[in-house]
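S.K.: Sequence below, structure please.
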Amino acid sequence: MVVKMVLWDNDGVLMDTEGLFMLSNKQVLSQHGIELTQEEFCDVNLTQGRSVLELISRGDEAKLDELRAQRDELYSQLLSGSDCRIPGMLDVVKAVGKTCRMAIVTSSKRNHFELMHKSSGIVEHMEFCLASGDYPRSKPHPDPYLEAMRRAACSPDECLVVEDSPRGMQAAVAAGIRCVVIPNPLVADRAWEEATRVVRTPQELLASLQEIILAASNS
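M.R.: Got it, this is the predicted structure:
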């Protein structure tokens, strides 16, 4: 079946932000006497799809909300002072957009998403962008991609996802969509058995997407 829609993850695929997000969490946890390791962040946030702030909130939702507010303020400050663009990705987006509709499906909050994309040149190529709050449950649940398919009026076979993390891949697979993975350096050594393809550079990503899209159109 023809690929009509490419659904892009944002953080780690289009924008190099995972390190900044980890740093903002690390700073908040440090204020409470906990030193966050990269391994913990990768396991809890990028694989399980949970928050490392739960290490100190321990089921207290009010406390978790307070910690998130502190983290979000720090993250906004970091984003405001950073150029998060990943070299080569804008060219990939432009090339893919010549043959397919596209959208971004992110777990980021809308205000953070807009901060990082204020001069990226990427969003203008998208049909729509889904952020946290636009669907019931975040990745690794399938909800973000199910909502994207609903808005695009496309079936799973008509879509293709680009992800960089285990939780993102799990969300795509759970929604029944093929997933091309360009691993985030923080989780590059993880297993990607459920991925349709695994690539390492924007150039490899473009070649793989074009090959899959062409093969689908000829099937």
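
S.K.: going forward, measure contacts between C-alpha atoms and count neighbours the same way
M.R.: OK.

S.K.: would residue 102 count as being in a strand?
M.R.: Yes. Assignment of residue 102 by DSSP: H, G, I helix; E, B strand; the rest coil places it within a strand.

S.K.: Show the contacting residues for it.
M.R.: 5-8, 125-128 (C-alpha atoms under 8 Å, 6 or more residues apart in numbering).

S.K.: top of the residues you listed by neighbour count?
M.R.: residue 5 (27 neighbours; other C-alpha atoms under 10 Å).

S.K.: partner residues bridging that one?
M.R.: residue 101, residue 159 (DSSP bridges).

S.K.: how near is it to residue 105?
M.R.: 12 Å (C-alpha to C-alpha, to the nearest Å).

S.K.: Please apply the same query to residue 123.
M.R.: From residue 123 to residue 105 the distance is 12 Å (C-alpha to C-alpha).

S.K.: what does residue 32 give?
M.R.: 32 Å.

S.K.: between the two, which one's more packed in?
M.R.: Set side by side, residue 32 and residue 105 show more neighbours around residue 105, with 26 against 9, by other C-alpha under 10 Å.

S.K.: ok, that one touching residue 126?
M.R.: No. Using C-alpha atoms under 8 Å, residue 105 is not in contact with residue 126; the gap is 10.5 Å.

S.K.: How confident is the prediction for residue 217, by pLDDT?
M.R.: Looking at residue 217, its pLDDT reads 88.

S.K.: so what's it up against?
M.R.: Residue 217 neighbours (C-alpha under 8 Å, 6+ apart): 1-3.

S.K.: Take those residues and lay them out in TSV including distance to residue 148.
M.R.: What follows is these, written out as TSV (distance: C-alpha to C-alpha, whole Å):
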residue	distance to residue 148
1	18
2	17
3	14
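
S.K.: Tell me the buried residues within those.
M.R.: Taking 16 or more other C-alpha atoms under 10 Å as the criterion, what is buried in the contacts of residue 217 is 2-3.

S.K.: ok, so of the contacts of residue 217, who is nearest residue 191?
M.R.: residue 3 (25.8 Å; C-alpha to C-alpha).

S.K.: Following the record's annotation, map out the domains of this structure.
M.R.: 5-16+84-218, 18-80 (automatic domain parsing).
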